[in-house]
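K.L.:
Got a predicted structure plus its sequence, pasted below:
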Amino acid sequence: MNCIVKISGLVLLAVSTLRAQTPASRPFVDPELDKLIEAGLSFNPDVKNALSRVEEARIRIRVAESYLHPTVRGNPGIQTQSLSPNRPVQFVNVRAQRVQLTTFQIPVDASFELDLFRRLRQGVRLSEIQTQITEADVQITRLAVASEIARLYALVRANDAEQTVFDRTLTARDSVLAVVRERFRIGLTSEIDVRRAETEIGNLKTQQSALQRSRHELENGLAILTGQSPEALRWLDLFYRCIQRLFTLQLRPSF
């Protein structure tokens, strides 16, 4: 009994601590990240499975509590009997008539188990502790899903920032390549400088393609965590294109 009480206290402390740190009560600064976390906590398969286990544990509590109450069993029945007019009678000059008899039976049995050694109450208490542990598992699962979504979202944003830097660098390299080609055309430099500038641009484009593939993989990871299709997260690409367009406008020369 003392062991059960101690375990129960630890579980209650863990649940209260996890609930105080749940993402729903402490949203992130980024509203888009908050939307992703909310979707993950609502549609993630692991969270749904954890919630179903909590519901199953609560049902077990109700089943355990039912043994503390009296058990009543009933087996009602109805019986109909028809007596023929040709049946033998005690009186000679009396004609028998058809008679139909209907009998109703409502037997009721009641039983009650005396919990002298508190076995039933201990079973209820154990079911309650198991439910509290299951609820703590739900909070742990929610925190794990929210933290993983936040991590992948941060990687997506870092990827976007890196691609923006690459776009700006490619724009500058294109300008340098145009200058080098013009210098080569008028004979101020050699073809080696032109090929070197073209190679640098090719390397940058290769690295940029790798970043784009990495970003798609991160989007697929977010889609799995949030229980959505990758097409539902295409707004992340739209966000990146808006940033890219903004930097393009900033780099445009003014006359």
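P.N.:
Arrived safely, thanks for sending.
K.L.:
Would you check how far apart Glu200 and Glu56 are?
P.N.:
61 Å (Cβ to Cβ, to the nearest Å). From N, CA and C alone the C-beta is placed, and that goes for glycine too.
K.L.:
between the two, which one's more packed in?
P.N.:
Set side by side, Glu200 and Glu56 show more neighbours around Glu200, with 15 against 12, by other Cβ atoms under 10 Å.
K.L.:
Find the helix or strand that that one is a member of.
P.N.:
Using DSSP states H and E, Glu200 sits within helix 191-226.
K.L.:
pLDDT averaged over that helix - what is it?
P.N.:
The average pLDDT for helix 191-226 rounds to 92.
K.L.:
helices and strands around that helix, which ones?
P.N.:
Packing partners of helix 191-226 (3 or more Cβ pairs under 8 Å, 6 or more residues apart in numbering; DSSP states H and E): helix 31-43, helix 119-185, helix 235-251.
K.L.:
who wins for proximity to Leu211 among those helices?
P.N.:
helix 119-185 (5.3 Å; Cβ to Cβ).
K.L.:
How far does that closest one sit from its chain's centre?
P.N.:
Helix 119-185 has its C-alpha centroid displaced from the chain centroid by 16 Å (Cα atoms, centre = their mean, to the nearest Å).
K.L.:
just the angle between it and helix 31-43, please?
P.N.:
Computed with axes from the mean of the first three to the mean of the last three Cα atoms, to 10 degrees, the direction of helix 119-185 lies at 140 degrees from that of helix 31-43.
K.L.:
what's the angle between helix 119-185 and helix 191-226?
P.N.:
Going by the same axes, to 10 degrees, helix 119-185 makes 160 degrees with helix 191-226.
K.L.:
pLDDT of helix 119-185, averaged?
P.N.:
On average, the pLDDT along helix 119-185 is 92.
K.L.:
In terms of secondary structure, what does that helix contact?
P.N.:
Counting contacts by 3+ Cβ pairs under 8 Å, 6+ apart, helix 119-185 is packed against helix 2-20, helix 31-43, helix 45-66, helix 191-226, helix 235-251.
K.L.:
Alpha carbons of the third one, in PDB - could you do that?
P.N.:
Only the C-alpha atoms of helix 45-66 are listed here, as PDB (Å, rounded to 0.1, in the frame of the first residue of the first chain):
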ATOM      1  CA  PRO A  45      -0.700   9.000 -35.100                       C
ATOM      2  CA  ASP A  46       1.400   8.500 -31.900                       C
ATOM      3  CA  VAL A  47      -0.600  11.100 -30.000                       C
ATOM      4  CA  LYS A  48      -3.900   9.500 -31.100                       C
ATOM      5  CA  ASN A  49      -2.600   6.100 -30.000                       C
ATOM      6  CA  ALA A  50      -1.600   7.500 -26.600                       C
ATOM      7  CA  LEU A  51      -5.000   9.100 -26.200                       C
ATOM      8  CA  SER A  52      -6.700   5.800 -27.000                       C
ATOM      9  CA  ARG A  53      -4.700   4.000 -24.400                       C
ATOM     10  CA  VAL A  54      -5.800   6.600 -21.800                       C
ATOM     11  CA  GLU A  55      -9.500   6.000 -22.800                       C
ATOM     12  CA  GLU A  56      -8.900   2.200 -22.400                       C
ATOM     13  CA  ALA A  57      -7.300   2.800 -18.900                       C
ATOM     14  CA  ARG A  58     -10.300   4.800 -17.800                       C
ATOM     15  CA  ILE A  59     -12.700   2.100 -19.000                       C
ATOM     16  CA  ARG A  60     -10.700  -0.400 -16.800                       C
ATOM     17  CA  ILE A  61     -11.300   1.900 -13.800                       C
ATOM     18  CA  ARG A  62     -15.000   1.800 -14.400                       C
ATOM     19  CA  VAL A  63     -14.900  -2.000 -14.700                       C
ATOM     20  CA  ALA A  64     -12.900  -2.300 -11.500                       C
ATOM     21  CA  GLU A  65     -15.300   0.000  -9.700                       C
ATOM     22  CA  SER A  66     -18.300  -2.100 -10.800                       C
END
